[in-house]
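Novice: 3D, please:
(chains A and B)
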Amino acid sequence: MLKLINTILIGLSTGAIYSLMSISLVLVWRSTRVINFAQAGQAVFSTYIAYEVALRTGNFWLALLCAVLSGAILGAFVDFFFMRTLFKRVTSGPIRAIAPVVATLGLLGIIRSAVGYIWGVEVKSIPAPASTDGIKIGSDVLPFSTYDALVLLIVFVVLMILTFIFQRTTLGLSLKASAFSPEIARLSGVRVDLTRTVGWAIAGACGAIAGVLATPNSLLSPNSLDILLVLGFAAAVIGGLESMLGAVVGGLILGLGVTFIANYVGSTLVFLSAFVFLIIILLVRPSGIISGKRSRNA
Amino acid sequence: MPKKLKTRLSLFILLGWALLLLGDRVDELRVYQGASIAIYAIAIGSIVLLTGYSGQISLGHGALMAVGGYVAALASVEFGIPFWAGFILAALISGIFGGLLGIAAARLSGPYLAGTTLALAVGLPSLANQFPILGGEQGLYFDIGMPPQQLGESFTQYKWFYWIAALAALIVFFLLSNLLSSRYGRTWRGIGSNETAIALSGSNPQRLKIVAFALSSALAGLSGALLVMTISTASPSAFPLALSLSVVTGAVIAGVSSLKGVIFGSVILVAIPEIADAISHRVGDTLRISSTLPGLLISILLVFAVLVTPNGPGENLRHLLHKGKSHK
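Specialist: The predicted structure is shown next:
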């Protein structure tokens, strides 16, 4: 019983981090029709910023804030200087289908090499702001720690803020409008290009939070977030790639599934099971569990 | 034999002869690099077939190369099959594996396929640790043996690698260029640009895509087997994510829409580590620079290629020549 509760709790907090990564992919996909593989690089860069700040000030919260800001700036930067140029230049030929994917991969490589050069290739770590030891209940120790609980809380707050932005503000409305139909949004006075850049910034911030939150439980290296990217992508696909709610649900399902397999079957099978899960979802229910209105042939 | 085919065959024989002569003129390191170039060329060719023709994308060709590499090594270690038969077997089994994957892939469009194949590239090589027969992290030792006695005393191991790889590349490209200029190639090209039109003209796009994926995987498997030959072990670390990405990079630099640039792309892939080495020696060799520079160069090149020569340098060259002519 205790093992079950523990698996569920750990699964939720792992899934919460996947959800954030997944949201950052979904936000970009909705507005730009690109799976931003560079997100792993953007997130790892922001996480290194957090590492640097945490090292100097010892304050986790300040570090998280700086990571969020740098993630947002980098996201906006990538869209403004990079994706805009790309879409202007690449207009025809068989490359068109793969150009965005290839370009974001190239960007991932550039950011990763830059991070490796600035901070070195040795692994780093960020100290957790709360205990990573398990919580004691009577004489039993749950592997679920105070820090894991804190992760759940932070992700919840972030989701609330995002919901508020998307449901209650003009910015949220413009974001949704320009993702749904750029031409009509432009006709009704939304500055679509600018809005898209803001969307990239929000996505970058979400990725940064995911990166920072994932790091205290593991280690930081220039490619330590690649797995998170792949799992975030799987979560986004489970959720249908179009909806933010889908991304969150997909992340939680994936987190729970992965943790159950790790605790009950074997931890070496985690990645394989996630991959098999992804393939099954794609074959059985290609539009995801929570499907949007558009087909995925867009 | 049709005339075109005859010309092509004689062209390839001529090219093979030139390569043979070249192998005798250069030193050991260059011969080894020649083998690598041939191997990368096959891998890039498989991407050109897949992306430039059938319009699908794969970021996981490194994983398919791993399948081929392990099959070849396993065939030789466990079953004592001669190496050349192992290479054919590697291509066959990767082709079957790729066909199965292609059934899933044919139903997916761009981003889904990219993400799934990326997951494959990240996950599959480390799967080798799960099965003791595959030798875990150490991998499997693969030795094709010394070159045959008849070739003489001074015939080195590296030159033997080069001969095998170059011969394999020549055969592959002869078959591939014939296939791509055939009816199949044209239909594939059609899928890439307008799938509906192909369906309306009576072909089955799904099936054609699966065939393309299977063929491309077979080529990737063959190049993986050859790669394992040159480094003499099949291990998870021989097939990192970076390998998948650099193969795609090579294809983009070469121009995915035709086979003409393939050799250019593979030469660049082999040259980059050496260029990076030269630069890091020049600026003072620290671990930091030498470990990040190759990745940086290749990524910059990839981004540059996508932005500046999206359809391959050949296209830009043609444009340039055209401009020159019209000015006259």
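
Novice: up against chain B, what does the stretch 1-150 of chain A have?
Specialist: A:29, A:33-35, A:37, A:85-86, A:89-90, A:92-99, A:101-103, A:105-110, A:112-114, A:116-117, A:120-121 (CB under 8 Å from any CB of the partner chain). Heads up, the C-betas are built off the backbone N, CA and C, glycines and all.

Novice: which of those residues fall in helices?
Specialist: A:29, A:85-86, A:89, A:95-99, A:101-103, A:105-110, A:112-114, A:116-117 (DSSP state H).

Novice: buried only: go through the residues you listed for me.
Specialist: Buried residues within those, defined by neighbour count using 16 or more other CB atoms under 10 Å in any protein chain shown: A:29, A:86, A:95-99, A:101-103, A:105-110, A:112-114, A:116-117.

Novice: once you drop chain neighbours, what's closest to the residue of chain A found nearest chain B?
Specialist: Distances between chain A and chain B by CB to the nearest CB are smallest at A:Gly109, namely 2.9 Å. Among residues not flanking A:Gly109 along the chain, B:Ser299 sits closest, at 2.9 Å (CB to CB, 6 or more residues apart in numbering or on different chains).

Novice: residue contacts, that neighbour?
Specialist: By CB atoms under 8 Å, 6 or more residues apart in numbering or on different chains, B:Ser299 lies in contact with A:Leu105, A:Gly106, A:Leu107, A:Leu108, A:Gly109, A:Ile110, A:Arg112, A:Ser113, B:Thr249.

Novice: 10 Å instead?
Specialist: A:41, A:105-114, B:245-246, B:249 (CB atoms under 10 Å, 6 or more residues apart in numbering or on different chains).

Novice: likewise B:Gly34?
Specialist: Neighbour list for B:Gly34: B:19, B:22-23, B:26, B:158-159, B:161-163, B:165-166, B:267, B:270 [criterion: CB under 10 Å, 6+ apart].

Novice: so which of those belong to helices?
Specialist: B:Leu19, B:Leu22, B:Gly23, B:Tyr158, B:Lys159, B:Phe161, B:Tyr162, B:Trp163, B:Ala165, B:Ala166, B:Val267, B:Val270.

Novice: would you mind measuring from the last one to chain A?
Specialist: Right, B:Val270. Shown here: B:Val270 relative to chain A, a distance of 18 Å by CB to the nearest CB, to the nearest Å.

Novice: one more: B:Ala254?
Specialist: With CB to the nearest CB as the criterion, B:Ala254 and chain A are 11 Å apart.

Novice: these two touch, right, that residue and B:Lys260?
Specialist: Yes: counting by CB atoms under 10 Å, B:Lys260 is a contact partner of B:Ala254 at 8.0 Å.

Novice: look at B:Ile88 and report its pLDDT.
Specialist: On the pLDDT scale, B:Ile88 is placed at 90.

Novice: hmm, B:Ala225 and it touching each other?
Specialist: Yes: contact criterion CB under 10 Å: B:Ile88 and B:Ala225 qualify, at 9.1 Å.

Novice: B:Ile93: what's it in contact with?
Specialist: So B:Ile93 contacts B:Val67, B:Gly68, B:Tyr70, B:Val71, B:Ala72, B:Leu74, B:Ala75, B:Ser217, B:Ala218, B:Gly221, B:Ala225 (CB under 10 Å, 6+ apart).
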